[in-house]
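>>> Next comes the sequence, and after it the predicted model I'd like to discuss.
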Protein chains: 2
Amino acid sequence: MTPAKPALTGPMPDDIAPIENVPLRVQVADRLRNAILSGKLRPGTGLVETALAEQMNVSRAPIREAIQILENDGLVETIAYKGKRVKPLTAREVAETYSLREVFEVMAVRRILENGAPLDALYAHCAEMTAAAEADNFEALVAADEAFHHSLIRLADHDLLMSSWKNLYLRIHQIMALRNRDERNLSEVAGNHPPIVQAIADGDAERAIKLISDHTRILAAFDPATIVDSQ
Amino acid sequence: MTPAKPALTGPMPDDIAPIENVPLRVQVADRLRNAILSGKLRPGTGLVETALAEQMNVSRAPIREAIQILENDGLVETIAYKGKRVKPLTAREVAETYSLREVFEVMAVRRILENGAPLDALYAHCAEMTAAAEADNFEALVAADEAFHHSLIRLADHDLLMSSWKNLYLRIHQIMALRNRDERNLSEVAGNHPPIVQAIADGDAERAIKLISDHTRILAAFDPATIVDSQ
DNA sequence: CTGTTGTGTAATGTCGACAATCCATAAGTG
DNA sequence: CACTTATGGATTGTCGACATTACACAACAG
């Protein structure tokens, strides 16, 4: 069926890394996004195109487009002829972000219960969390927690929900970076998740929804003083 | 308390219409958005910057930024170095759009029930719908329906929900424009709404949620043949 | 001193030109 | 004939320069 191909085209290490042709605007957007999400660029900080352009050694065009990308992400806002700045983060916005997240995750659980889905990934991330908690590794716990919730959304098999959730989670990253290190008991956080998976596995809709709902709501508690709301 | 101000600053007709300084990119984006939402630009249609620029007598910069705005709205997608096009609309996307809308509206009802809100606007829009149905005015009915749901979301007092819903509703506009005129009985559509308001007024959460849920789900029914999905 | 009016500066908004990339098609090669 | 390699055209990506706007501050008038 498939005739032998010429020998010249030998097997090639397929991780030779194709040359990524990432447009400048994307590179710029990624750098700025990282800065914002890591809290290095605090809410209210002004973003001046010319300054950024000079700093990054590119023209203003990619900078403008990058900032627009971040605007789409909801991380930056523009005031015509005045300037662009990292979107201020009010206590209200934080609360709204978490409440919408709750709705998204409940929706995911509902869909998983209705349509079914393999729960292996969820179990795996639970294990990761437990391990991280025992090792007292905060970073790892946070990563595993995000992986858990990401998997939960993915299993819901709903592209629009996924993209909406991802977009929302950007702000959650920002919020987490801005607020003081959570002094919650690590093992408590880790312990919250397995019952959720169990309830889903049991097909117990009411319990699963209540658990995921409570869980995301608890995460919403935050210290308002850490949020910069500069004008 | 307030000293009399100099007479020179007399009362001024306050509808003197401030000169609107709408950036070109916004004008372009609005025009393109209208074309897409009204179905004149069908999904899959390629958007060539140079052509648009010449056609609208502006340079490519505002065109690019306008297209990016539409990308944020989820109406356009870009393929690097290849082109931009009106995002194809698959049956799956349509279904996802409506299911997410359902979740949003249920969330709104929940919040209204929890926090309370004046329902006058909802009653008013119900009346508009009834009138439109009696006059057999399809356009007016659609407008009133949107106003009803918009008010519902507004009453939930949740900015993020509002912006998410608005963004979602853009696609609903597009879908409605693309699919054949709904042959549903106008008065039936109009009649769906008052019970929802009544249930909210009664504080009957379960009924209100079921009604709004059923209502939005019914709207999701569509004729797949009318959706263009040109690869 | 209060309020108005000018002016300058800094930022965004817009433009036209050039560079980089992809795709299709044709030319070349064993 | 199968496959590779040029080549051309079309499209997006990037750049630097100029236009427009808004704000702050100074100068001025009542």
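Cool, the structure landed. Numbers count the residues shown, from 1 in each chain, chains lettered A, B, ... in the order given.

>>> alpha carbons only for contacts and neighbour counts from here, please
OK.

>>> what sits up against stretch A:159-167?
Stretch A:159-167 is touched from outside by A:73, A:101, A:104, A:153, A:154, B:93, B:96, B:97, B:100, with contacts defined as Cα atoms under 8 Å, 6 or more residues apart in numbering or on different chains.

>>> and with 10 Å instead?
Defining contact as Cα atoms under 10 Å, 6 or more residues apart in numbering or on different chains, one finds that stretch A:159-167 is touched by A:72-75, A:100-101, A:104-105, A:107-108, A:149-156, A:168-169, A:172, B:92-97, B:99-100, B:164, B:168.

>>> Next, residue A:79: phi, psi?
Recorded main-chain torsions at residue A:79 are phi -120, psi 120, according to degrees, to the nearest 10.

>>> pLDDT at it, what is it?
We note a pLDDT of 85 for residue A:79 in this prediction.

>>> Okay, and the beta partners of it?
With beta bridges defined as DSSP bridges, residue A:79 has these partners: residue A:83.

>>> Report the central residue of chain A.
Note on chain A: the residue nearest the mean C-alpha position is residue A:169, at 3.7 Å, using Cα atoms, centre = their mean.

>>> now the helix or strand containing that residue: mean pLDDT?
Residue A:169 belongs to helix A:159-178 when assigned by DSSP states H and E. On average, the pLDDT along helix A:159-178 is 93.

>>> List the buried residues in that helix.
By neighbour count, with 16 or more other Cα atoms under 10 Å in any protein chain shown as the criterion, the buried positions of helix A:159-178 are A:160-162, A:165-166, A:168-178.

>>> Next, the angle from it to helix B:159-178.
Orientation check (axes from the mean of the first three to the mean of the last three Cα atoms, to 10 degrees): helix A:159-178 against helix B:159-178 gives 160 degrees.

>>> so how far is helix A:159-178 from its chain's centroid?
Distance of helix A:159-178 from its chain centroid, counting by Cα atoms, centre = their mean, to the nearest Å, is 4 Å.

>>> Next, find the distance separating residue A:22 from residue B:84.
17 Å (Cα to Cα, to the nearest Å).

>>> Give me the more crowded residue out of these two.
When residue A:22 and residue B:84 are compared for neighbours, residue B:84 comes out ahead with 21 against 9, by other Cα atoms under 10 Å in any protein chain shown.

>>> Kindly tell me how buried the closest residue to that one other than its chain neighbours is, as a neighbour count.
Counting by Cα to Cα, 6 or more residues apart in numbering or on different chains, residue B:78 is the residue found nearest to residue B:84 once chain neighbours are left out, at 4.3 Å. Residue B:78 has 16 neighbours, counted by other Cα under 10 Å.

>>> For residue B:78, which residues are in contact?
B:46, B:47, B:67, B:68, B:71, B:84, B:85, B:86, B:87.

>>> Tell me which two of those residues sit farthest apart.
Pairwise distances among the contacts of residue B:78 were taken by Cα to Cα; the largest, 14.2 Å, belongs to B:46 and B:68.

>>> Tell me which of the two has more neighbours.
residue B:68 (23 against 16).

>>> re earlier: shouldn't the residue nearest to the centre of chain A be in contact with residue A:102?
No. Taking contacts as Cα atoms under 10 Å, residue A:169 lies outside contact range of residue A:102: 11.4 Å.

>>> Flag every residue of chain A that's near DNA strand C.
Selection of chain A residues close to DNA strand C by Cα under 7 Å from any atom of the strand yields A:21, A:47, A:48, A:49, A:50, A:61, A:79, A:80, A:81, A:82, A:83, A:84.

>>> how close does the last one get to DNA strand D?
If you measure residue A:84 against DNA strand D using Cα to the nearest atom of the strand, to the nearest Å, the figure is 12 Å.

>>> Mind giving me the packing neighbours of the helix or strand bottoming out on mean pLDDT in chain A?
Least confident helix or strand, chain A: helix A:205-219 with a mean of 81, by mean pLDDT, DSSP states H and E. The contact analysis (3 or more Cα pairs under 10 Å, 6 or more residues apart in numbering or on different chains; DSSP states H and E) places helix A:205-219 against helix A:91-115, helix A:186-202.

>>> lowest-confidence stretch among those?
If you rank the helices and strands packed on helix A:205-219 by mean pLDDT, helix A:186-202 sits at the bottom with a mean of 86.

>>> Enumerate the positions of that one that are buried.
Judged by neighbour count (16+ other Cα under 10 Å), helix A:186-202 contains these buried residues: A:186-187, A:189-191, A:193-194, A:196-201.

>>> Mind putting those into CSV with distance to residue B:144?
Written out in CSV, the entries for the buried residues of helix A:186-202 read as follows (distance: Cα to Cα, whole Å):
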residue, distance to residue B:144
A:186, 51
A:187, 52
A:189, 47
A:190, 48
A:191, 49
A:193, 44
A:194, 46
A:196, 42
A:197, 43
A:198, 45
A:199, 42
A:200, 40
A:201, 44
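
>>> Which residues are in contact with residue A:133?
With contact taken as Cα under 10 Å, 6+ apart, residue A:133 is in contact with A:127, A:139, A:140, A:141, A:142, A:185, A:186, A:187, A:188, A:189, A:190, A:191.

>>> Going by distance to chain B, which of these wins?
Within those, distances to chain B taken as Cα to the nearest Cα reach their minimum at residue A:142, with 24.7 Å.

>>> tell me, how many neighbours does the closest one end up with?
Residue A:142 sits with 18 neighbouring residues when counted by other Cα under 10 Å.

>>> near chain B, anything from the host helix or strand of it?
Here residue A:142 sits within helix A:138-155, counting by DSSP H and E. No. On the criterion Cα under 10 Å from any Cα of the partner chain, helix A:138-155 is out of touch with chain B, staying 13.2 Å away.

>>> helices or strands up against that helix?
Helix A:138-155 makes packing contacts with helix A:91-115, helix A:120-134, helix A:159-178, helix A:186-202 when contacts are defined by 3+ Cα pairs under 10 Å, 6+ apart.
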